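> the sequence isn't on hand, but the structure is:
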C-alpha cells in the first residue's frame, strides 16, 4: 500500500513539473501545436484613411458573416436616390459618422460612408451610399468595425 502511495505522489509531481515546463525531457505532450493564423488582418487602402478588413474563412464562418444587396426605397423614384439597407448593416464610427461594409472581394470588407434619411424598424433608408444591388454586410458588422479600430487587441 505504501509503495502505491509513493508512486502516485511521483506521478502527480512529474505532471506538475511538466505543466510548468513542457520543454523538459520526458515532458512531451505530443506533436507541437502549429502556429495559429490571425483570424483577421488589415490592409491599408492607398490614398485613403480606410483599411480593408480581411478575414480567414474560419473567422468569417464563426462570425456568421452575411450580406444582402442594397434595395431601392419602396415608392422612391430613381431621381430621389433613396435606398434601403438592413438596420444591422449600419454602424457608427467613434466620431459618430455612419457607415456600412462592402465586400469588394471574398473575405475582404471595406467601410463605405452612408447618409441616413431615417430608420424604420429593420430597415434604414439612405439618402446617400452604395447603389442598389451592392451587397453590404448585415451580420458581423460590429466585429468588423472592432477589428478595424483594434478593439480587443492586447
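Right, received. Where do you want to start? What you are looking at is a predicted structure, and each value in this text was computed from that prediction instead of being measured. Numbers count the residues shown, from 1 in each chain.
> how's the protein carved up into domains?
What automatic domain parsing lists as the domains of the chain is 1-33, 40-149.
> just give me the lowest mean pLDDT stretch among those domains.
Mean pLDDT is lowest for domain 1-33 out of those, coming in at a mean of 40.
> list the contacts of the closest residue to residue 51 other than its chain neighbours.
Excluding its sequence neighbours, the residue lying closest to residue 51 (Cβ to Cβ, 6 or more residues apart in numbering) is residue 42, at 4.3 Å. For glycine as for every other residue, the C-beta is placed from the backbone atoms N, C-alpha and C. Counting by Cβ atoms under 8 Å, 6 or more residues apart in numbering, residue 42 touches 51, 52, 53, 54, 147, 148.
> now do the strands in this protein.
40-44, 51-55, 66-69, 71-72, 83-86, 91-92, 98-105, 108-113, 115-120, 123-128, 135-139 (DSSP state E).
> for those strands, which one ends up most surrounded?
Sort the strands of the chain by mean neighbour count, taking mean count of other Cβ atoms under 10 Å, and strand 83-86 sits at the top with a mean of 22.
> residues in contact with residue 134?
Here residue 134 is in contact with 69, 70, 102 (criterion: Cβ under 8 Å, 6+ apart).
> residues contacting residue 101?
53, 89, 91, 109, 110, 111, 112, 136, 137, 141, 144.
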